[in-house]
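**Q** what's the 3D shape of this:
(one chain, ligands or ions: 1)
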Amino acid sequence: MSKLAYLGPEGTFCEAALRELAPEAERLPCANVRAALDAVRNGEADGAVVPLENSLEGGIAQTLDEFAWGKPLLIVAELLLPVEFSLLARPGTEMRQIKRIFTHPAAHTQCRDFIDREIPGAVVVHASSTAGAAQEIANPESPYDAAIGPAIAGEIYDLTELASDIGDRNDTVTRFVRVAPPGELPEPTGADRSSMVAFLRDDHAGALLEMLSEFSVRGVNLTRIESRPTGDGIGSYFFHFDCEGHIAEARVGEAISGLHRISGDLRFLGSYPRADKVPTQIKRGTADPDFAEAAGWLGRMRAGAVQR
Ligand SMILES: O=C(O)C(=O)C[C@]1(C(=O)O)C=C[C@@H](O)C=C1
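**A** Here you go, the predicted model:
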């Protein structure tokens, strides 16, 4: 049985994602995303499940930076999890008594309207996870009056649900990924995604356009692009790319190797089946047989073949 690390404690959205991705796996709760990924890096776990992006909040910075700077890992699967938040408090607490709320920063961002409307003036303090906040609230000595998190966390830590479905939108989704130590890639399925991080060798006009062109000229559709600061001063950035398709496919492999060539420092993060199973749209002239035929033609030309 495989052992998977995740952002704990019990009751986080991350745990719900892990249960869906790998119901049979043994679960290892960790204090934060880095600790979950380190558990894979040091062999304590066979893999990990971590949040990567949210449909309202965008990329989860901690995860993106770990993938860029930490010891390399491979993304092998993804899951889209609808997230619904509840306001949780110790039994007996009333809405008007809430002055200090504890929750994960991503949950805070997704519930801003509710907080401003229903508990104006409340101070929101950030926790390492939603369930971690609920666990803290359960302690009668806690300096916080309420937590925002999944309803299940309220059940686990014996809290009262003062309000349910308090997100600013009711269609918010978080994308979680399962990572493994570097090794074999999942087989192509025809509905795949590939992820990578590009650092720029030299900053110059059009550098980003050059990178984007590697995808565009081969008909590869990007599904996410995100810039993150390198930490080397204002204006210094690196880029996360997700694209449709699998590195085993000619047009995707060529786009990624082109990106490697021009960026000078590319970290491939993996090719894996898309959670929504949407098949890759392949533009005319960019399927594998088209690339094979063109390579054959080029070989014949180089060998001096006569053209018709
Ligand atoms: O704290 C949790 O429950 C998590 O699983 C983390 C996390 C996140 O990092 O975005 C996951 C989903 C929600 O968007 C809020 C928090």
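**Q** up against the ligand, what does the stretch 101-250 of the chain have?
**A** Neighbours of the ligand within the stretch 101-250 of the chain, by CB under 6 Å from any ligand atom: His104, Ala106, Ala107, Ser129, Thr130, Ala131, Thr174. (Glycine included, C-beta is placed from N, CA and C.)
**Q** can you give me the strands in the stretch 151-300 of the chain?
**A** Ranges of strands in the stretch 151-300 of the chain, per DSSP state E, counting those that start in this stretch, are 160-163, 173-180, 192-200, 222-229, 237-244, 264-273.
**Q** can you lay out these as TSV showing mean neighbour count, distance to Ala5 and mean pLDDT?
**A** Output for those, formatted as TSV (neighbours: other CB atoms under 10 Å; distance: least, CB to CB, whole Å; pLDDT from 0 to 100):
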stretch	mean neighbour count	distance to Ala5	mean pLDDT
strand 160-163	16	29	98
strand 173-180	23	9	98
strand 192-200	22	19	96
strand 222-229	14	23	96
strand 237-244	22	22	96
strand 264-273	20	17	96
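**Q** need those in a markdown table (columns: distance to Trp297).
**A** Formatted as a markdown table, these follow (distance: least, CB to CB, whole Å):
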| stretch | distance to Trp297 |
| --- | --- |
| strand 160-163 | 65 |
| strand 173-180 | 39 |
| strand 192-200 | 27 |
| strand 222-229 | 28 |
| strand 237-244 | 26 |
| strand 264-273 | 27 |
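**Q** relative to Asp46, which of those strands is closest?
**A** strand 173-180 (7.1 Å; CB to CB).
**Q** where's the closest residue to Leu28 other than its chain neighbours relative to the ligand, distance?
**A** Counting by CB to CB, 6 or more residues apart in numbering, Leu28 lies nearest to Ala5, which is 4.4 Å off, once chain neighbours are set aside. The gap separating Ala5 from the ligand is 13 Å, by CB to the nearest ligand atom, to the nearest Å.
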